[in-house]
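> sequence unavailable; structure follows:
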């Protein structure tokens with residue numbers, strides 16, 4: 001049995017693994033891929049016969065930000081290293097073929113600062129560009145807003161905010 005889920009961090013991937021693994025099964029092999037970061041585990045199977053084929057199934061379908069857990073109960077038939085590799089990779093690939101695909105667009109975290117007179121402009125432009133407002137910090141001169149935008153909308157947002165504030169806004173990457 002294979003189960004897959006989207007994940008945004010290694011901690012989220014491992015939490016999903018811990019949530020779905022079956023303690024009564026002989027093996028709960030797993031793999032995740034998050035951009036250039038990946039990890040896999042054989043859970044007691046012969047090294048390289050479970051986790052690595054699951055990761056290969058993820059990469060073979062061009063997926064990212066995903067975790068897959070394959071649970072196996074011993075059925076009395078010894079598969080050998082080749083059979084294990086084919087079984088784990090095959091069930092992971094089939095699970096991913098049947099799974100709903102979600103497009104994930106790259107995002108950037110920013111801090112935008114505006115004078116008080118332009119707070120409404122900032123809010124309007126964050127909404128217009130599909131951004132998400134975060135923490136707000138007020139000072140004697142204005143507002144600093146943490147926000148998240150799709151990376152592809154950053155240039156547009158920057159231009160619109162500069163126009164709306166007549167160059168009085170500041171935008172920098174969030175720390």
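Arrived safely, thanks for sending. Keep in mind it's a predicted model, so treat the numbers as computed, not measured.

> ok, longest helix in the chain?
Longest among the helix segments of the chain by residue count, using DSSP state H, is helix 80-98.

> I'd like the average pLDDT over stretch 84-98.
When pLDDT is averaged over stretch 84-98, the result is 94.

> buried stuff in it?
Neighbour-count burial for stretch 84-98, counted by 16 or more other C-beta atoms under 10 Å, picks out 84-85, 87-89, 91-93, 95-96. Quick note: C-beta positions are derived from backbone N, CA and C, even for glycine.

> same thing with stretch 123-134?
Neighbour-count burial for stretch 123-134 flags 123, 125-126, 129, 131 (criterion: 16+ other C-beta under 10 Å).

> so which of those belong to strands?
Among the buried residues of stretch 123-134, the subset assigned to strands under DSSP state E is empty.

> just to revisit the earlier point, next SSE downstream of the longest helix of the chain?
Following the chain from helix 80-98 toward its C-terminal end, the next helix or strand by DSSP states H and E is strand 107-115.

> which other helices and strands contact that following strand?
If you count contacts as 3 or more C-beta pairs under 8 Å, 6 or more residues apart in numbering; DSSP states H and E, strand 107-115 packs onto helix 119-128, strand 142-150, helix 154-165, strand 170-173.

> residue 66 is nearest to which of these?
Closest to residue 66 of the helices and strands packed on strand 107-115, according to C-beta to C-beta: strand 142-150, at 20.0 Å.

> helices or strands next to the closest one in the packing?
Strand 142-150 makes packing contacts with strand 107-115, helix 119-128, strand 132-138 when contacts are defined by 3+ C-beta pairs under 8 Å, 6+ apart.

> angle of it against helix 119-128?
An angle of 10 degrees separates the directions of strand 142-150 and helix 119-128 when computed by axes from the mean of the first three to the mean of the last three C-alpha atoms, to 10 degrees.

> show me which positions of stretch 20-40 end up buried.
By neighbour count, and taking 16+ other C-beta under 10 Å as the criterion, the buried residues in stretch 20-40 are 20-21, 27-34, 38-40.
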